[in-house]
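*Asks:* need a structure here:
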Amino acid sequence: MKLLMDIGNTNCTIALSDKGSILKKYFIHTSKKEVQPAALRRLLGGRRGKIDDVVIVSVVPAFLRVFKKSISSVLPGVKVRIVGRDIKVPIPIKYRKPEEVGQDRLVTAYAAMGLLGSPVIAIDFGTAVTMDYVNSSGAYEGGLIFPGLRLALASLSEEAALLPSIDLRPAKSLLGKDTASSMNNGILYGYSSMCDGIVDRFRKRLGKKLRVIATGGDAELVSRYSRSIKKVRPDLILEGLMLLIR
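*Replies:* Model prediction:
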């Protein structure tokens, strides 16, 4: 059994996998300063003794150090491998400075290509929204990064004195009928339209055969209002980790 971890800017996703299938998922906020070994033992429960490999992709070095310390106590003797250091994503990188590409973006792009072939663009709706393009030769070309939906929503509340803090939820109509729904709908329709517009630009420049796949916490919600997002895989990065170690 494998323990897979995606340490993102907001959450750490922990998944137990066996024979290429995800059995169980857990979430921990990456703002934590420590992860108690006892809490981790309770989290893993009786499956702890079956884990023979730990694979981590991380964009939060501080939390990675914290978690590695805890995991070594909970799973003594089990090898811990870090993507980018111990495991290389087998994809050519065309970025001007390859070392600047986040390993999470590479794993997601690699998974997208593995599932749909190439050319493909993977859109990840997380703390940031990233768009990553793999060309028809299977090389990572680059992409786009912009603020995530909830980050944008929070900035509206923080920077505009009269705008409230709201929770993102499905839109009931296009037009907002009060301040909260105007903010909510503006984010949903704004981001879905932005994605559609960018995908259109990509297809005009790179060809109509470009495939699109979305992932991340807000992917399912945005896809309801997008004409370009037809396929959503919430666990795309975990699928990428499984592809790397199969």
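
*Asks:* Keeping just the C-alphas, turn stretch 166-173 into PDB.
*Replies:* Extracted in PDB, the C-alpha atoms of stretch 166-173 (Å, rounded to 0.1, in the frame of the first residue of the first chain):
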ATOM      1  CA  ILE A 166     -19.200  35.300   1.600                       C
ATOM      2  CA  ASP A 167     -19.000  31.600   0.900                       C
ATOM      3  CA  LEU A 168     -18.800  30.500  -2.700                       C
ATOM      4  CA  ARG A 169     -21.900  28.600  -3.800                       C
ATOM      5  CA  PRO A 170     -23.600  27.700  -7.100                       C
ATOM      6  CA  ALA A 171     -25.200  30.600  -8.900                       C
ATOM      7  CA  LYS A 172     -29.000  30.700  -9.100                       C
ATOM      8  CA  SER A 173     -29.000  33.100 -12.100                       C
END
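
*Asks:* Determine how far it lies from the middle of the whole chain.
*Replies:* From the chain centre to the centre of stretch 166-173 is a distance of 22 Å (CA atoms, centre = their mean, to the nearest Å).

*Asks:* cool, stretch 7-24 as well?
*Replies:* Stretch 7-24 has its C-alpha centroid displaced from the chain centroid by 11 Å (CA atoms, centre = their mean).

*Asks:* what mean pLDDT does it have?
*Replies:* Averaging pLDDT along stretch 7-24 gives 92.

*Asks:* ok, which stretches of the protein are helices?
*Replies:* Secondary structure of the chain, counting by DSSP state H: helices at 37-44, 61-74, 103-116, 149-159, 179-206, 219-223, 236-245.

*Asks:* Can you redo those helices as a markdown table, where the extra columns are mean neighbour count, mean pLDDT and distance to residue 139?
*Replies:* C-beta coordinates here come from the backbone N, C-alpha and C atoms, glycine included. Shown next, in a markdown table, are the helices of the chain (neighbours: other CB atoms under 10 Å; pLDDT from 0 to 100; distance: least, CB to CB, whole Å):
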| stretch | mean neighbour count | mean pLDDT | distance to residue 139 |
| --- | --- | --- | --- |
| helix 37-44 | 15 | 90 | 38 |
| helix 61-74 | 16 | 91 | 27 |
| helix 103-116 | 24 | 97 | 10 |
| helix 149-159 | 15 | 95 | 29 |
| helix 179-206 | 16 | 97 | 13 |
| helix 219-223 | 20 | 97 | 24 |
| helix 236-245 | 23 | 96 | 16 |
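
*Asks:* Using TSV, lay out those together with distance to residue 55.
*Replies:* Listed next are these as TSV, based on distance: least, CB to CB, whole Å:
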stretch	distance to residue 55
helix 37-44	15
helix 61-74	11
helix 103-116	10
helix 149-159	27
helix 179-206	30
helix 219-223	23
helix 236-245	5
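
*Asks:* which ones are touching residue 109?
*Replies:* Each residue near residue 109 by CB atoms under 8 Å, 6 or more residues apart in numbering is listed here: 91, 120, 122, 132, 133, 134, 140.

*Asks:* how about a cut-off of 10 Å?
*Replies:* By CB atoms under 10 Å, 6 or more residues apart in numbering, the contact set of residue 109 is 89, 91, 93, 101, 118, 120-122, 124, 130-134, 138-141, 143, 213, 236, 240.
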